[in-house]
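Student: generate a structure from the sequence data that follows.
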Amino acid sequence: MAWIGIVIQLIPVVISLMRIVEGLLGDGTGEQKKAYVMAAVKALFDAAEAVHDSDMWNKVESAISPLIDFACGFLFPKEK
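Tutor: Residues are numbered from 1 along each chain as shown. Okay, the predicted model is just below:
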C-alpha cells in the first residue's frame, strides 16, 4: 500500500506539471499534454529511486492517469 502514499504526495506535483504543460502547449491536444505530464512524473519517479520494482510504477501510473483526466476538467474547462 506504499504506492497510495506516493500517489497522494504526487497530486500537487501533477497539478503543477499540468499547469506548466498547458502554458507551454496550450494549442496541443489533451493526449499530448497528458503524455508529457506522465513522462515527467515517470522521470521524477525514476530519478528519486523511490522504489525498486516496476510493479510499483504500474500501480502509481494507474492512479495518476485518471487523476490527470479528472483534474483537467477543473483546471482547464472547455469553453462552450
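Student: other SSEs contacting the helix or strand of the chain with the lowest mean pLDDT?
Tutor: Among the helices and strands of the chain, helix 54-75 carries the lowest confidence by mean pLDDT, DSSP states H and E, at a mean of 83. Contacts defined by 3 or more Cβ pairs under 8 Å, 6 or more residues apart in numbering; DSSP states H and E place helix 54-75 against helix 2-24, helix 30-48. Every residue, glycine included, has its C-beta placed from N, CA and C.
Student: name the SS class of Asp27, please.
Tutor: Of the three states, Asp27 takes coil according to DSSP: H, G, I helix; E, B strand; the rest coil.
Student: distance between stretch 20-27 and the chain's centre?
Tutor: Relative to its chain's centre, stretch 20-27 lies at 14 Å (Cα atoms, centre = their mean, to the nearest Å).
Student: if you count neighbours, what's buried in that stretch?
Tutor: Residues 21-22 are the ones in stretch 20-27 that count as buried (16 or more other Cβ atoms under 10 Å).
Student: what's next to that stretch, contact-wise?
Tutor: Applying Cβ atoms under 8 Å, 6 or more residues apart in numbering, the external contacts of stretch 20-27 come out as 32-33, 36-37, 40, 75-76.
Student: buried ones among those?
Tutor: Among the contacts of stretch 20-27, the ones that count as buried by 16+ other Cβ under 10 Å are 33, 36-37, 40.
Student: make JSON lines out of these and add distance to Leu67.
Tutor: As requested, these are exported to JSON lines (distance: Cβ to Cβ, whole Å):
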{"residue": "Lys33", "distance to Leu67": "14"}
{"residue": "Tyr36", "distance to Leu67": "15"}
{"residue": "Val37", "distance to Leu67": "10"}
{"residue": "Ala40", "distance to Leu67": "14"}
